[in-house]
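> Test case, fold it:
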Amino acid sequence: MIKACSFCLFLTLLCAPISSQTINVSSFELPNGLKVILSPNNDMQTATVCIYNTNGARNDPADARGISFLYQYLLFDGNENLESYDHILFINKMGGVVSGRVSHDNSVFYEVLPASEINVALWLESERLKSLRLEDRNIDYHKNEIFARISRLGDSSLDFKAQNWITAKIFEGLPYAYPLYGDINRMRSLNNDRIRESYRKFQNLSNIYLIITGKFDINELKAGINKFFQNIPPGKRTPEIVLNTANQHGIYSVKNWLIPGLKSNFIYFGIKSPGKINYNYVSFDFLRYYLTDPRISRLEHMLNKVNNLNIEIESNYTDYFEANALTIQLSSTERSNLERAKYILGQEFSALTKKLIGNAELKAIRSLMEIDLLKSAYDPEERCLRIGEFYHMFGELNFLDMQIKRLRKITSYDVLESAKKYLMKENQVVLNVYGE
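Numbers count the residues shown, from 1 in each chain. Purely as a prediction, here's the structure:
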């Protein structure tokens, strides 16, 4: 059982099967090749304008890893008609939110603002696409800022160093092995002309989806899109990078770090798991919920409720298309408690490869996963991101219907097979961090 039988029954009743859900999604393409995806929701009073770029850090040239991460900051640094960070100020004054991030598989930038001001976001995004400022002083400033920030993290954060070590081991041979920021020394010395040249390949309309969700008048919106985007020159689509993850060798590795003066001891378990494009992704995600989700954590129950080890448990899960890593971090001032916790964790993994999950637990966890999926579909930024990613991976617009169907098909046998495949020792790295 997850924690107690009564808890499972309560949660199962609380999260009874939800009726079939759907969202309205449609698309069209401008003559210059820009793909426009619309998902209206008149229950909202806001609109979200999202630029989804199919380029991410894995598209960076081998000798310029980190260049996409640098663009993440330059994109807010002004253009022909706007000064640095005017983009953010315009939206914030309307009560809106601006954000963006570069991942390994994509890059996403968005504005959430009052629905009546949607044309402001369209104008701002079109200005950024047409005339981003890439002057030497801007580029040098952000290169130095990234260098300083990552250097500080490397010097001060144990978690940062541990995650980098685990990622490098689990994804060895794949672009995911490299941090988003690449080699900060190499990036700091990279020629600025090279940065400007690569930007033209990174940011062109053939790599971009313009995704708009929330409340809008379709005719007014299309007029705004035509006004601001149709005169942007077309670009040449960047070829997709195909990764071969099927034939990777086993990754099992154990490392000990002894750190003088460390007050709390740590054990990090890194588990290689399927990417989002893999059919097994949902069943492994079920295992992740079962083991680590704070609402139902099996590990919390076994380590602290049953065995009274007083272990702090944290987990981190990557968000990649073709391979992922689940990191489970256990910490305690008592090293003997950690060693006991390590043994129990191994026993739990072994049990999951031999025994079916009970029906009550299956229904409870599946319901929680479905609720979280529905919540993401009605969060403006998450909705844009999920639409873009699903279209990028599968060429399908309505992520919600397909994801719910996959989730509802999960059986105890699927979970068992996923455990057999991904919880084996050969699929793990272990990092012991102890005080000296």
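
> quick one: the spatially most central residue of the chain and Lys342, what's the gap?
The residue lying closest to the centre of the chain (Cα atoms, centre = their mean) is Asp319, at 3.6 Å. Distance, Asp319 to Lys342, by Cβ to Cβ, to the nearest Å: 27 Å. Heads up, the C-betas are built off the backbone N, CA and C, glycines and all.

> Who are the contact partners of the residue nearest to the residue nearest to the centre of the chain when sequence neighbours are not counted?
Counting by Cβ to Cβ, 6 or more residues apart in numbering, Ser103 is the residue found nearest to Asp319 once chain neighbours are left out, at 6.8 Å. Contacts for Ser103 were tallied using Cβ atoms under 8 Å, 6 or more residues apart in numbering; they are 56-57, 180, 319-320.

> which of these lies closest to Asp43?
Relative to Asp43, the closest of the contacts of Ser103 is Asp319; by Cβ to Cβ it sits at 27.3 Å.

> ok, back up a step: need the contacts of Ser103 in CSV (columns: secondary structure and distance to Ser367).
Shown next, in CSV, are the contacts of Ser103 (DSSP: H, G, I helix; E, B strand; the rest coil; distance: Cβ to Cβ, whole Å):
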residue, secondary structure, distance to Ser367
Gly56, coil, 32
Ala57, helix, 35
Leu180, coil, 34
Asp319, coil, 22
Tyr320, coil, 26
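
> and these as TSV, adding pLDDT and distance to Asn164?
Supplementary listing: the contacts of Ser103 in TSV, determined by pLDDT from 0 to 100; distance: Cβ to Cβ, whole Å:
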residue	pLDDT	distance to Asn164
Gly56	95	18
Ala57	95	14
Leu180	95	11
Asp319	94	17
Tyr320	97	15
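
> doesn't Ile328 make contact with Leu299?
Yes. Between Leu299 and Ile328 there is a contact under Cβ atoms under 8 Å: 7.2 Å.

> Without its sequence neighbours, what residue ends up closest to Phe269?
Of all residues beyond its chain neighbours, the one nearest Phe269 is Ile328 (4.5 Å), with distances taken as Cβ to Cβ, 6+ apart.

> Which residue ranges make up the domains of this structure?
26-229, 246-435 (automatic domain parsing).

> right, and the ones you listed - which one's nearest Lys236?
That would be domain 26-229 among these, by Cβ to Cβ, at 5.9 Å.

> can you redo the domains of the chain as TSV with distance to Arg237?
Below are the domains of the chain laid out as TSV (distance: least, Cβ to Cβ, whole Å):
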stretch	distance to Arg237
domain 26-229	4
domain 246-435	12
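
> Buried ones in the helix or strand harbouring Glu381, by neighbour count?
For Glu381, the host element (DSSP states H and E) is helix 380-394. For helix 380-394, the neighbour count (16 or more other Cβ atoms under 10 Å) marks 380-381, 383-393 as buried.

> Secondary structure class of Ile37, three-state.
Following DSSP: H, G, I helix; E, B strand; the rest coil, we place Ile37 in the strand state.

> mean confidence for stretch 380-391?
Here stretch 380-391 scores 94 as its mean pLDDT.

> which outside residues touch that stretch?
23, 25, 37, 39, 44, 46-48, 50, 52, 99, 105-106, 108, 110, 112, 209, 211, 213-214, 276, 321, 375-377, 396-400, 402-403.

> Tell me the buried residues within those.
23, 25, 37, 39, 44, 46-48, 50, 52, 105-106, 108, 110, 112, 209, 211, 213-214, 276, 321, 376-377, 397-400, 403.

> Out of those, list just those in strands.
37, 39, 46-48, 50, 52, 108, 110, 112, 209, 211, 213-214 (DSSP state E).

> where's the lengthiest helix in the chain relative to the chain centroid, distance-wise?
Looking across the chain with DSSP state H, the single longest helix is helix 136-156. Centre-to-centre, helix 136-156 and its host chain are 23 Å apart (Cα atoms, centre = their mean, to the nearest Å).

> Show me what that helix is packed up against.
helix 67-74, helix 158-170, helix 184-189, helix 192-202 (3 or more Cβ pairs under 8 Å, 6 or more residues apart in numbering; DSSP states H and E).

> and the last one with helix 67-74, angle?
Angular relation of helix 192-202 and helix 67-74 on a 0 to 180 degree scale: 90 degrees, by axes from the mean of the first three to the mean of the last three Cα atoms, to 10 degrees.

> Name the surrounding residues that touch helix 192-202.
53, 55, 59, 61, 64, 67-68, 70-71, 74, 107, 132, 134, 136, 139-140, 235, 238.

> pLDDT of that helix, averaged?
91.

> can you check the second one too?
Per-residue confidence for helix 158-170 averages out to 95 on the pLDDT scale.

> Residues touching it, excluding its own?
Under Cβ under 8 Å, 6+ apart, the answer for helix 158-170 is 153-154, 176-179, 251, 253, 255, 259, 266, 268, 270-272, 316, 318, 323, 325, 327, 329, 429, 431, 433.

> Could you give me the buried positions within that helix?
Residues 161-167, 169-170 are the ones in helix 158-170 that count as buried (16+ other Cβ under 10 Å).

> Over to the last one?
For helix 192-202, the neighbour count (16+ other Cβ under 10 Å) marks 195, 198-199, 202 as buried.

> Contact partners for Asn337?
Residues in contact with Asn337 (Cβ under 8 Å, 6+ apart) are 309-311.

> Would you mind giving those residues as JSON lines with pLDDT added?
Output for those, formatted as JSON lines (pLDDT from 0 to 100):
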{"residue": "Leu309", "pLDDT": "96"}
{"residue": "Asn310", "pLDDT": "95"}
{"residue": "Ile311", "pLDDT": "96"}
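
> quick one: Ala115 and Ala47 touch, right?
Yes. Proximity of Ala115 to Ala47 meets the contact threshold set by Cβ under 8 Å, at 4.5 Å.

> which residues are in contact with both of the two?
Common contacts of Ala115 and Ala47 (Cβ under 8 Å, 6+ apart): 214-216.

> CSV please, covering those and showing distance to Lys227 and pLDDT.
Below are these laid out as CSV (distance: Cβ to Cβ, whole Å; pLDDT from 0 to 100):
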residue, distance to Lys227, pLDDT
Gly214, 19, 93
Lys215, 20, 93
Phe216, 15, 94
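
> Redo these as JSON lines? Include distance to Ser189.
Output for the shared contacts of Ala115 and Ala47, formatted as JSON lines (distance: Cβ to Cβ, whole Å):
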{"residue": "Gly214", "distance to Ser189": "43"}
{"residue": "Lys215", "distance to Ser189": "48"}
{"residue": "Phe216", "distance to Ser189": "46"}
